[in-house]
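Participant: I would like to see how this sequence folds:
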Amino acid sequence: MAMRKDRSEDLEAATERVRQAFPGLDVRNWRELQPLVARIFEISNSTMYFMYVITYAAIGMVILNAMLMSVFERIHEFGLMKAVGVGPLGILALVLTEAGLQAAVAGGIAVGVGLPFSLFFESHGIDLSRIGGGGILYGVAIDPVWYCRVTARSVIEPIVFLFAIVIAGVVYPATKAALITPLQAVYYR
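Facilitator: Down below sits the predicted model:
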């Protein structure tokens, strides 16, 4: 029993390569030996994506609410800007820029605070032996010390999603601000 040296290599391709290297032996990978554990990992990945959807939906609603309130509080200023000649695209660009700057600051804070913790746990790990029942999961021994794995994708992907959610959440308030007429803004309550 051996672990792949190159973990980025596809498991099925690695298994087939070993089968061809040792044709007389019964070669199986861990997914074939423990299909229940493999299914648990697949379900946990699906659950993780579901949690991402819930988290980013909540973030989107908070951003929509915050930007909507920001726009409603400044309706008179937007009307004044339109009265002195700022076009709808200028107002739209202003609101989108504000939201983009807020997302950039939030992303910077998240990376600044989260990345050092992740890098620390990449080398030190989290010891779960006290709560894990000796490192046995469905009859399979697992390492009770879990390590974080930091990749460029794990850092960049959440920030890209954050910007996408911010843009989606600010479209309605920005459009509302861009389409208001100076007369509507004066009488807005």
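Participant: and the gap between the residue with the largest distance to the centre of the chain and Ser154?
Facilitator: Most distant from the centre of the chain: Gly24, at 45.6 Å, with distances by CA atoms, centre = their mean. Distance, Gly24 to Ser154, by CB to CB, to the nearest Å: 41 Å. Any C-beta I mention is one placed from the backbone N, CA and C, and that applies to glycine too.
Participant: tell me the phi and psi of Arg74?
Facilitator: Reported as degrees, to the nearest 10, the phi and psi values for Arg74 are phi -110, psi 20.
Participant: and it, what does it touch?
Facilitator: Ala177 (CB atoms under 8 Å, 6 or more residues apart in numbering).
Participant: need the per-residue pLDDT for it.
Facilitator: We have a pLDDT of 90 for Arg74.
Participant: please apply the same query to the one 5 residues further on.
Facilitator: In the predicted model, Gly79 carries a pLDDT score of 90.
Participant: how many neighbours does it have?
Facilitator: 20 (other CB atoms under 10 Å).
Participant: what's the nearest residue to it if we skip its chain neighbours?
Facilitator: Ala185 (2.1 Å; CB to CB, 6 or more residues apart in numbering).
Participant: where does the chain have low pLDDT?
Facilitator: 1-8, 132-141 (pLDDT under 70).
Participant: what number of residues are in the vicinity of the residue nearest to Gly79?
Facilitator: What Ala185 shows, counting by other CB under 10 Å, is a neighbour count of 19.
Participant: for Cys148, same thing?
Facilitator: 15.
Participant: now do the contacts for the residue most central in space within the chain.
Facilitator: By CA atoms, centre = their mean, the chain has its centre lying nearest to Pro158, at 3.2 Å. The contact partners of Pro158, taken as CB under 8 Å, 6+ apart, are Ala110.
Participant: if we use 10 Å, what do you get?
Facilitator: 52, 55-56, 107, 110-111, 114 (CB atoms under 10 Å, 6 or more residues apart in numbering).
Participant: how far out from the middle of the chain is the host helix or strand of Glu77?
Facilitator: Using DSSP states H and E, the element containing Glu77 is helix 75-83. Offset of helix 75-83 from its chain centre (CA atoms, centre = their mean, to the nearest Å): 36 Å.
Participant: contacts for that helix, please.
Facilitator: So helix 75-83 is in contact with 71, 74, 86-88, 90-91, 94-95, 176-189, going by CB under 10 Å, 6+ apart.
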